[in-house]
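In: my questions are about this predicted structure, shown below with the sequence.
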Amino acid sequence: MAYFEKEDILHVCISNEGETSSVELSPNITTELNENGDLIGIEILNASSYIRDAVMETVQAKMLKLSDAGTACG
């Protein structure tokens, strides 16, 4: 895994194989594929914002579940 702070790019390398194609999953996430179409890497643009937002969504969802569990009758 490598983070390029100046560009705010997170690159996760799964394999050292050569990249022959890529698929854009969303405007900021691209998967890198080898010649067999196997996943060999992931690139996340604007990584700091993306990860912050993903973590906050998870925390908020967990907090909602906890508050819902506290109000349930048992």
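Out: That came through, no problem. For clarity, every value in this text was computed on a predicted model and none was experimentally measured.
In: which ones are touching the residue nearest to residue 34 when sequence neighbours are not counted?
Out: The shortest distance from residue 34 to any residue other than its chain neighbours is 4.4 Å, reached at residue 17 (C-beta to C-beta, 6 or more residues apart in numbering). In short, each C-beta sits where N, CA and C put it, glycine included. Neighbouring residues of residue 17 by C-beta atoms under 8 Å, 6 or more residues apart in numbering: 34, 38, 40.
In: confidence score at the second one?
Out: If I follow you right, that is residue 38. Model confidence at residue 38, expressed as pLDDT, equals 96.
In: what is the neighbour count of residue 10?
Out: If you count neighbours by other C-beta atoms under 10 Å, residue 10 ends up with 19.
In: nope, residue 47 is what I meant
Out: With neighbours defined by other C-beta under 10 Å, the count for residue 47 comes to 19.
In: re earlier: which one (most neighbours) among the contacts of residue 17?
Out: Highest count within the contacts of residue 17 by other C-beta under 10 Å belongs to residue 40, 20 neighbours.
In: that residue against residue 32, yeah?
Out: Yes - distance between residue 40 and residue 32: 5.3 Å, which falls inside the contact criterion (C-beta atoms under 8 Å).
In: need the residues touching each of these two.
Out: Each of residue 19 lies in contact with both residue 40 and residue 32 under the rule C-beta under 8 Å, 6+ apart.
In: where in the chain is pLDDT low?
Out: 67-74 (pLDDT under 70).
In: all helices for the protein, in order.
Out: In the chain, helices defined by DSSP state H lie at 47-71, listed in chain order.
In: OK, contacts around residue 63?
Out: The contact partners of residue 63, by C-beta under 8 Å, 6+ apart, come to none.
In: so it versus residue 48, what's the distance?
Out: Separation of residue 63 from residue 48 (C-beta to C-beta, to the nearest Å) stands at 22 Å.
In: now residue 10
Out: In this structure, residue 10 and residue 48 are separated by 9 Å, where distance is defined by C-beta to C-beta.
In: same deal with residue 5?
Out: Plainly put, residue 5 is 9 Å away from residue 48 if you go by C-beta to C-beta.
In: check residue 35 too.
Out: In this structure, residue 35 and residue 48 are 32 Å apart, going by C-beta to C-beta.
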